[in-house]
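Q: got a predicted model here, sequence first, then my questions.
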Amino acid sequence: MFSFLDMINHYLGYFNINNRLKGRVYSVLGGLGTAYLFYISIRFIMNHFYKQGLLILLVAFILLYFLICNIFYYFTKVQPRFDISPKLAEWLHIKEHQEVETNSRFGNQVVTPTQNANGIFDQQHVLPAKVRITPQQQRNIEQIVLRLKDQGIFKEDYNGMLDRQIYELLKATAGKPIYAIGRGVVLPYFDMKLEGDRYVVYGGLNEAEVFPIGVIRQVGLQSIASASNLDVDLFLASVMLVGGPFKVNGRAGVIEQSHPYSITTQVAYKKKQN
C-alpha cells in the first residue's frame, strides 16, 4: 500500500499542479491507506493477535485524525480548533526556509498603479486597460520573463523578505498573496500598434527584441471599439509583468504557490486635434 502511495507521489511530480490540488489528491489516497489499516487491524484482532491489532488500530486512529484535519484544510476554508499541526511545528522547531538573497541593482520594483514608464502623462487622462492574451502571446510573455531573469533585471526573491516577515505581512493584509516580484515589474520596452481594428501590445527587452503579448479589449469602462469611436488618440502608458510565484499562509507557516505570468496595462488618451 505504501509503495503504491509512493508511486502516485512520484508520478504527480511530473505535473505542474498547485499545492492545494496535490493536497486533495494526497488526502484521498491517505483516506484509502487509513481505511486499509483499519481493515487489517480488525483482521488481526479477529484472529486473536490482539497486541499487533491494537497497535495498528492506534496508528490508524492517529492517521484518521490528521486525515480529518487535511480534509478541513484542503477542501474547506475552515481550520478546526482541534488541529495541532501549528503546535507540532513549533515543538519540533520546524522553521521556514530563510532566504538571504537581496534585490539586485535592477531588482523587483513595487510599482503603484499610477506610475508610468513610457513618458509622463497627465494622470487624469490615464486609464487602466484590460487585455486579451492568446496562448501564443502567453508563451511570448514567459519567454520575456526568462530573458529578464537571465539579464538580472528582476529576481523572484520577495524583495529580500524572509518567510517570517512574509508571514507577518500576510496577517496584516488579511492573507492577500505576496508575490515574488512584488506588485509588478515594468517592462523595459513596450509599444502598442493599431493592426486592423485591434490595438496590439508589444513588449520585450528592447526595440530589437519585441513580441506581441496582448490585445487591448477595454479601456476604463468602455470596450476598445467604443473608445476607438471617440474623438481621442490612445497611447500606451505602462505595461507591467504580474503574477508568478507567490506565498500565502498555511497551517504551519507560509507556503509557495504559483500563477502564470501576465501583464497589466494603462492607456493614456488625448483629444484629437481638429
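A: In hand now; what should we look at? Residues are numbered from 1 along each chain as shown.

Q: next, count neighbours for I45.
A: 16 (other C-beta atoms under 10 Å). Using the backbone N, CA and C atoms, a C-beta is placed for each residue, glycine as well.

Q: that one and G31, how far apart?
A: Distance, I45 to G31, using C-beta to C-beta, to the nearest Å: 21 Å.

Q: also N159?
A: Taken as C-beta to C-beta, the span from N159 to G31 is 40 Å.

Q: so for those two, which residue has more residues nearby?
A: N159 (19 against 16).

Q: quick one: that one and Y179 touch, right?
A: No: look at N159 against Y179 with C-beta atoms under 8 Å: they stay out of range, at 9.6 Å.

Q: what's near enough to touch the residue nearest to I133 when sequence neighbours are not counted?
A: Of all residues not flanking I133 in the chain, G214 sits nearest, at 4.9 Å (C-beta to C-beta, 6 or more residues apart in numbering). Taking C-beta atoms under 8 Å, 6 or more residues apart in numbering as the criterion, G214 is in contact with V131, R132, I133, Q137, V200, V201, I263, T265.

Q: give me the buried subset of the residues you listed.
A: V131, I133, Q137, V200, V201, I263, T265 (16 or more other C-beta atoms under 10 Å).

Q: quick one, strands of the chain?
A: 126-132, 178-179, 185-186, 189-195, 198-206, 209-219, 222-223, 232-249, 254-271 (DSSP state E).

Q: my guess is P212 contacts Q137. True?
A: Yes: using C-beta under 8 Å, P212 is in contact with Q137, at 5.6 Å.

Q: just give the number of residues close to V210.
A: So V210, with other C-beta under 10 Å, has 17 neighbours.

Q: same deal with V126?
A: Applying other C-beta under 10 Å, we find 19 residues neighbouring V126.

Q: Y36: which of the strands of the chain is closest?
A: Y36 lies closest, by C-beta to C-beta, to one member of those: strand 254-271, at 28.5 Å.

Q: from Y261, how far out is the residue nearest to I133?
A: 12 Å.

Q: then R251?
A: Distance from R251 to Y261, by C-beta to C-beta: 28 Å.

Q: neighbour count winner among these two?
A: Using other C-beta under 10 Å, the more surrounded residue of R251 and Y261 is Y261, with 19 against 15.

Q: and the closest residue to that one other than its chain neighbours, how many neighbours?
A: Counting by C-beta to C-beta, 6+ apart, Y261 lies nearest to G243, which is 4.6 Å off, once chain neighbours are set aside. Applying other C-beta under 10 Å, we find 18 other residues in the vicinity of G243.

Q: surely G243 meets S262?
A: Yes: under the criterion of C-beta under 8 Å, G243 makes contact with S262 at 4.8 Å.

Q: chain neighbours aside, what residue packs nearest to A60?
A: L37 (3.9 Å).

Q: ok, F246 to L54 distance?
A: Going from F246 to L54 by C-beta to C-beta gives 46 Å.

Q: likewise K176?
A: In terms of C-beta to C-beta, K176 sits 48 Å off from L54.

Q: tell me the mean pLDDT for the longest helix along the chain?
A: Using DSSP state H, we find that the single longest helix of the chain is helix 19-46. The average pLDDT within helix 19-46 is 82.

Q: next, the buried residues of it.
A: For helix 19-46, by 16+ other C-beta under 10 Å, it's 23-24, 26-27, 29-31, 34, 37-38, 41, 44-45.

Q: export the residues you listed to a markdown table and tack on distance to R81?
A: Shown next, in a markdown table, are these (distance: C-beta to C-beta, whole Å):
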| residue | distance to R81 |
| --- | --- |
| G23 | 20 |
| R24 | 22 |
| Y26 | 23 |
| S27 | 20 |
| L29 | 26 |
| G30 | 21 |
| G31 | 22 |
| T34 | 22 |
| L37 | 26 |
| F38 | 25 |
| S41 | 28 |
| F44 | 34 |
| I45 | 32 |
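
Q: can you give me the domain boundaries for this protein?
A: 2-83, 123-271 (automatic domain parsing).

Q: tell me how many other residues crowd L187.
A: Residues within reach of L187, counting by other C-beta under 10 Å, total 26.
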